[in-house]
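Novice: sequence and predicted structure below; questions after.
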Protein chains: 2
Amino acid sequence: MPVPLYQAKAELLRTVGHPARIRILELLSERDHAVHELLEQIDIEPSNLSQQLAVLRRTALVTSHRRDGAVVYAISVPEVREFLLSARRILASLAAAQSDFEPELTR
Amino acid sequence: MPVPLYQAKAELLRTVGHPARIRILELLSERDHAVHELLEQIDIEPSNLSQQLAVLRRTALVTSHRRDGAVVYAISVPEVREFLLSARRILASLAAAQSDFEPELTR
DNA sequence: TGTGAATGTGAAGAACTCTTCACATACTAG
DNA sequence: CTAGTATGTGAAGAGTTCTTCACATTCACA
């Protein structure tokens, strides 16, 4: 096994592991968004959004370009969508496993 | 969209986003491992391994039970495997996208 | 029951990440 | 050119996560 792969994976996961950044990636995986459109959807300060976008740019998960005077962001690789779904499936599965026990635990 | 879902996803991703914990999950997704078997494969202190296992237990990603005097760990939900593959696919895709440009950049 | 190997825990400091704020830059329209 | 809106950056402090270390617990079995 290539040793630095764990590092790279860990970095990727930590990069995505932030509520605002997940929100951004989910919005972008529906369609490209201008920064001001993201701002309408996500409740954070403009400069904070900018910071989070910078983090995603640094890891090359998103790309940006200027269109009609606004900066438009896009997902750089389509695999991101499947990845987010995959995370959701784990959560669903964990939640299901927990609720199997809840009847016993809550009585 | 359910608001706390981003939180939960972010937490999950941050939990998995650690080299040792990824290594553990990959080993466990091949087959169950006793703690001392994990120790042979991963180069960290026993107590550190124990800490990382505790983190994974807390988020219910793994389960443990004692078998023949040793503590054996197992993946709790099978979706973890697909999730890790999914992460690898993004990395591969990002790497491919980068190397498309390398010829220009390195000359 | 006593010893040793295996596993786990708590606490502390180092290292890292987040948010915020003040300011910088970019571009558009008047 | 000038004002105004949109976007980005740097730096500081608060908060969080990691690693380490000393020690606790568990269990097998002599």
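Specialist: It's in. Just so it is clear, the structure is predicted and the values come from calculations on it, not from any experiment. Residues are numbered from 1 along each chain as shown, chains lettered A, B, ... in the order given.

Novice: pull out the buried residues from stretch A:36-55.
Specialist: Of the residues in stretch A:36-55, A:Leu38, A:Ile42, A:Ile44, A:Leu49, A:Gln52, A:Leu53, A:Val55 count as buried by neighbour count, 16 or more other Cβ atoms under 10 Å in any protein chain shown. In short, each C-beta sits where N, CA and C put it, glycine included.

Novice: scratch that, stretch A:57-68
Specialist: So for stretch A:57-68, counting by 16+ other Cβ under 10 Å, buried means A:Thr59, A:Leu61, A:Val62, A:Thr63, A:Ser64.

Novice: kindly reformat the residues you listed as CSV containing secondary structure.
Specialist: Below are the buried residues of stretch A:57-68 laid out as CSV (DSSP: H, G, I helix; E, B strand; the rest coil):
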residue, secondary structure
A:Thr59, coil
A:Leu61, coil
A:Val62, strand
A:Thr63, strand
A:Ser64, strand
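
Novice: farthest-apart pair in these, please.
Specialist: Taking Cβ to Cβ, the two most distant members of the buried residues of stretch A:57-68 are A:Thr59 and A:Ser64; they sit 13.4 Å apart.

Novice: hang on, the earlier thing: nearest to B:Ala97, of the buried residues of stretch A:57-68?
Specialist: Closest approach to B:Ala97 among the buried residues of stretch A:57-68 (Cβ to Cβ): A:Thr63, at 9.6 Å.

Novice: the closest one contacts A:Tyr73, correct?
Specialist: Yes: with contacts defined as Cβ atoms under 8 Å, A:Thr63 counts as touching A:Tyr73 at a distance of 7.2 Å.

Novice: grab the nearest non-local neighbour of A:Ala8.
Specialist: Counting by Cβ to Cβ, 6 or more residues apart in numbering or on different chains, A:Ala8 lies nearest to B:Leu91, which is 5.6 Å off, once chain neighbours are set aside.

Novice: from memory the one you found sits against A:Glu11, does it?
Specialist: No: the criterion here is Cβ under 8 Å, and B:Leu91 misses it with A:Glu11 at 9.4 Å.

Novice: would you map the helices across chain A?
Specialist: All helices of chain A, identified by DSSP state H, fall at A:4-16, A:19-30, A:35-41, A:46-58, A:79-106.
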